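J.: Predicted model follows, preceded by the sequence.
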Amino acid sequence: MQHYLIIWNFSTVASSWEACPPFAEYINAGGAGDQFEGFELKYRVCDPIAGRGMAITVASDIGKVWTHLAPWIKGFGIKFEVTPVVSDKEFAAMWPGVQAAANID
(Lines give C-alpha, C1' and ligand atoms only; values in the text may rest on other atoms or scores of the structure.)
Protein backbone atom coordinates (compact mmCIF):
# COMPACT_ATOMS: atom_id res chain seq x y z
CA MET A 1 0.00 0.00 0.00
CA GLN A 2 1.25 3.48 -0.89
CA HIS A 3 0.66 6.61 1.19
CA TYR A 4 -0.63 9.67 -0.65
CA LEU A 5 -0.76 13.31 0.43
CA ILE A 6 -3.83 14.97 -1.10
CA ILE A 7 -4.14 18.76 -1.10
CA TRP A 8 -7.22 20.46 -2.50
CA ASN A 9 -8.35 23.95 -3.34
CA PHE A 10 -11.66 25.31 -4.50
CA SER A 11 -11.49 27.78 -7.36
CA THR A 12 -13.67 30.30 -5.51
CA VAL A 13 -14.98 30.91 -2.01
CA ALA A 14 -18.49 30.56 -3.44
CA SER A 15 -17.78 27.07 -4.76
CA SER A 16 -16.32 26.11 -1.39
CA TRP A 17 -19.46 27.40 0.31
CA GLU A 18 -21.67 25.38 -2.05
CA ALA A 19 -19.82 22.17 -1.14
CA CYS A 20 -20.27 22.63 2.62
CA PRO A 21 -23.78 21.11 2.97
CA PRO A 22 -23.01 17.97 0.90
CA PHE A 23 -19.66 17.53 2.67
CA ALA A 24 -21.27 17.83 6.12
CA GLU A 25 -23.92 15.30 5.04
CA TYR A 26 -21.19 12.97 3.79
CA ILE A 27 -19.31 13.15 7.10
CA ASN A 28 -22.48 12.82 9.21
CA ALA A 29 -23.48 9.75 7.19
CA GLY A 30 -20.19 8.05 8.05
CA GLY A 31 -18.08 8.96 5.00
CA ALA A 32 -18.68 5.68 3.18
CA GLY A 33 -16.19 6.56 0.41
CA ASP A 34 -13.38 7.07 2.91
CA GLN A 35 -12.67 3.35 3.13
CA PHE A 36 -13.14 0.62 0.55
CA GLU A 37 -11.08 -2.27 -0.78
CA GLY A 38 -7.64 -0.95 -1.62
CA PHE A 39 -8.22 2.52 -0.12
CA GLU A 40 -8.34 4.11 3.33
CA LEU A 41 -8.43 7.76 4.31
CA LYS A 42 -6.20 8.04 7.39
CA TYR A 43 -6.60 11.72 8.24
CA ARG A 44 -8.31 14.79 6.75
CA VAL A 45 -8.21 18.45 7.78
CA CYS A 46 -10.05 21.35 6.19
CA ASP A 47 -9.62 25.11 6.11
CA PRO A 48 -13.18 26.08 5.13
CA ILE A 49 -12.50 29.81 5.23
CA ALA A 50 -9.80 29.54 2.57
CA GLY A 51 -11.54 26.68 0.69
CA ARG A 52 -8.69 24.22 0.99
CA GLY A 53 -7.63 21.14 2.88
CA MET A 54 -5.42 18.09 2.96
CA ALA A 55 -5.59 14.40 3.68
CA ILE A 56 -3.33 11.41 4.12
CA THR A 57 -4.54 8.18 2.53
CA VAL A 58 -3.22 4.72 1.78
CA ALA A 59 -4.13 3.00 -1.44
CA SER A 60 -3.13 0.01 -3.48
CA ASP A 61 -2.82 2.23 -6.58
CA ILE A 62 -3.50 5.74 -7.83
CA GLY A 63 -6.77 4.57 -9.41
CA LYS A 64 -8.23 4.03 -5.94
CA VAL A 65 -7.33 7.62 -5.02
CA TRP A 66 -8.98 8.86 -8.20
CA THR A 67 -12.09 6.81 -7.41
CA HIS A 68 -12.26 8.42 -3.96
CA LEU A 69 -11.89 11.94 -5.38
CA ALA A 70 -14.15 11.51 -8.43
CA PRO A 71 -17.44 12.64 -6.83
CA TRP A 72 -15.83 15.83 -5.53
CA ILE A 73 -14.12 16.60 -8.84
CA LYS A 74 -17.30 16.03 -10.83
CA GLY A 75 -19.68 17.65 -8.37
CA PHE A 76 -17.66 20.70 -7.35
CA GLY A 77 -14.72 21.08 -9.73
CA ILE A 78 -12.23 20.85 -6.88
CA LYS A 79 -8.56 20.91 -7.87
CA PHE A 80 -6.55 18.13 -6.18
CA GLU A 81 -2.79 17.67 -5.94
CA VAL A 82 -1.89 14.04 -5.20
CA THR A 83 1.66 13.20 -4.08
CA PRO A 84 3.00 9.75 -3.20
CA VAL A 85 4.72 9.97 0.20
CA VAL A 86 6.29 7.62 2.77
CA SER A 87 5.75 7.31 6.50
CA ASP A 88 8.66 7.71 8.94
CA LYS A 89 8.85 3.95 9.34
CA GLU A 90 8.89 3.40 5.57
CA PHE A 91 11.58 6.05 5.18
CA ALA A 92 13.78 4.42 7.82
CA ALA A 93 13.35 1.00 6.18
CA MET A 94 14.26 2.39 2.71
CA TRP A 95 17.21 4.51 3.77
CA PRO A 96 19.90 1.78 3.98
CA GLY A 97 19.23 0.71 0.38
CA VAL A 98 19.14 4.28 -0.88
CA GLN A 99 22.37 5.11 0.94
CA ALA A 100 24.07 1.97 -0.44
CA ALA A 101 22.99 2.87 -3.98
CA ALA A 102 24.39 6.39 -3.58
CA ASN A 103 27.79 5.01 -2.51
CA ILE A 104 28.34 2.89 -5.62
CA ASP A 105 31.44 4.06 -7.45
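T.: Looks like it arrived, so ask away.
J.: Quick check: neighbours of the host helix or strand of Arg44 in the sheet, parallel or antiparallel?
T.: Per DSSP states H and E: Arg44 is located in strand 39-47. Note on strand 39-47: by DSSP bridges, its sheet partners are strand 35-36 (antiparallel), strand 52-59 (antiparallel).
J.: So which residues make contact with that strand?
T.: 3, 31, 34-35, 52-60, 64-65, 67-68 (Cβ atoms under 8 Å, 6 or more residues apart in numbering). Using the backbone N, CA and C atoms, a C-beta is placed for each residue, glycine as well.
J.: again, only this time at 6 Å
T.: For strand 39-47, contacts defined as Cβ atoms under 6 Å, 6 or more residues apart in numbering pick out Asp34, Gly53, Met54, Ala55, Ile56, Thr57, Val58, Ala59, Lys64, His68.
J.: Pull out the buried members of those.
T.: In terms of neighbour count (16 or more other Cβ atoms under 10 Å), the buried residues within these are Asp34, Gly53, Ala55, Ile56, Thr57, Val58, Ala59, Lys64, His68.
J.: Any stretches of this structure with poor pLDDT?
T.: The chain contains residues with pLDDT under 70 at 105.
J.: which stretches of the chain form helices?
T.: Assigned by DSSP state H, the helices in the chain fall at 13-28, 62-76, 88-102.
J.: other SSEs contacting the first one?
T.: When contacts are defined as 3 or more Cβ pairs under 6 Å, 6 or more residues apart in numbering; DSSP states H and E, helix 13-28 packs onto no helix or strand at all.
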